[in-house]
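In: coordinates for the following, if possible.
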Amino acid sequence: MISNKRFDDLVEAFTRRVAQRTSRRSLLAKFGVVMTGSVLLPLLPVDRRVGGSSKAQAMGREGWRPQSIDTDACDYWRHCALDGQICSCCGGGITTCPPGTTLSPSSWVASCLNPADNKTYLIAYRDCCGKSICPRCGCYNTKGVLPMYRPEYSSDIIWCYGAQGDTYHCTIQPIVGEA
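Out: Below is the predicted model of the structure:
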């Protein structure tokens, strides 16, 4: 073990050596560079194409096998780009929010193939807000999603802006039209 006196002497010698070799301005400049770099680091693009190994995450555009029967399953055709909780598992429906939540005025859109009629439809994914997140039926079909450069097209954002209560609960999937 090192004694307190010896430790104090080492710290004093180190700080004196640093003070003799650097100026306050250079120290502040280096500190500014470190702070600027740490603030800008989250703005760098991130490649999110590598997903987990769960069944929900393994599905994506390439391995997508949609079905048109079970609306609570992640492989239901309207959930082809869903990144969140399925409202039909949480007391709501495919196009209706559960009681106690409000519909977000904004959405993100994707095109999904309906295997029943072999047509592609535009789906507007809209978040239901106001209650804490529904712990059932999480579905993260985001394999193949590119890095987020334009946030207005991202499914990773909570779209509860403008709704009563900004807490995310689940997502509905109404059809906008045929693609």
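In: from here on, contacts and neighbour counts on C-alpha atoms
Out: OK.
In: low-confidence ranges in the chain?
Out: Residue ranges of the chain with pLDDT under 70: 1, 42-64, 142-158.
In: how is it divided into domains?
Out: Following automatic domain parsing, the chain resolves into domains at 4-43, 55-178.
In: now find how far off-centre the last one is within its chain.
Out: Translated: domain 55-178. Centroid separation for domain 55-178 versus its chain: 13 Å, with Cα atoms, centre = their mean, to the nearest Å.
In: I'd like the numbering to begin with 49 instead of 1 from here.
Out: I'll keep to 49 as the first residue from here, and by that count the last item is domain 103-226.
In: in the chain, which strand is the longest?
Out: For the chain, the longest strand by residue count, based on DSSP state E, is strand 167-177.
In: who does it pair with, and is each partner parallel or antiparallel?
Out: Sheet pairing of strand 167-177 (DSSP bridges) gives strand 150-151 (antiparallel), strand 156-162 (antiparallel), strand 216-220 (antiparallel), strand 223-226 (antiparallel).
In: next, the buried residues of the last one.
Out: Same thing as strand 223-226. Ile223 (16 or more other Cα atoms under 10 Å).
In: can you give the contact residues for that strand?
Out: Strand 223-226 has contacts (Cα atoms under 8 Å, 6 or more residues apart in numbering) with Lys167, Thr168, Tyr169, Leu170, Ile171, Ala172.
In: same deal with the second one?
Out: Residues from elsewhere that reach strand 156-162 (Cα under 8 Å, 6+ apart): 114-116, 125-129, 167-174, 200-203, 227.
In: repeat for the shortest one
Out: Taking Cα under 8 Å, 6+ apart as the criterion, the residues outside strand 150-151 that touch it are Cys145, Arg174, Asp175, Cys176, Cys177, Gly178, Cys208, Ala211, Gln212, Gly213.
In: and if we set it to 7 Å?
Out: If you take Cα atoms under 7 Å, 6 or more residues apart in numbering as the criterion, strand 150-151 is touched by Cys145, Asp175, Cys176, Cys177, Gly178, Ala211, Gln212.
In: would you map the helices across this structure?
Out: Residue ranges of the helices in the chain, as given by DSSP state H, are 52-69, 72-88, 103-106.
In: please list only the buried members of the contacts of strand 223-226.
Out: Thr168, Tyr169, Leu170, Ile171, Ala172.
In: pretty sure the fourth one contacts Ala227?
Out: In other words, Ile171. No. Taking contacts as Cα atoms under 7 Å, Ile171 lies outside contact range of Ala227: 9.3 Å.
In: so Cys160 bridges to which residues?
Out: The partner residues for Cys160, given DSSP bridges, come to Tyr169.
In: still on that earlier bit, deepest of the strands paired with strand 167-177, which one?
Out: Highest mean neighbour count among the strands paired with strand 167-177 (mean count of other Cα atoms under 10 Å): strand 216-220, with a mean of 28.
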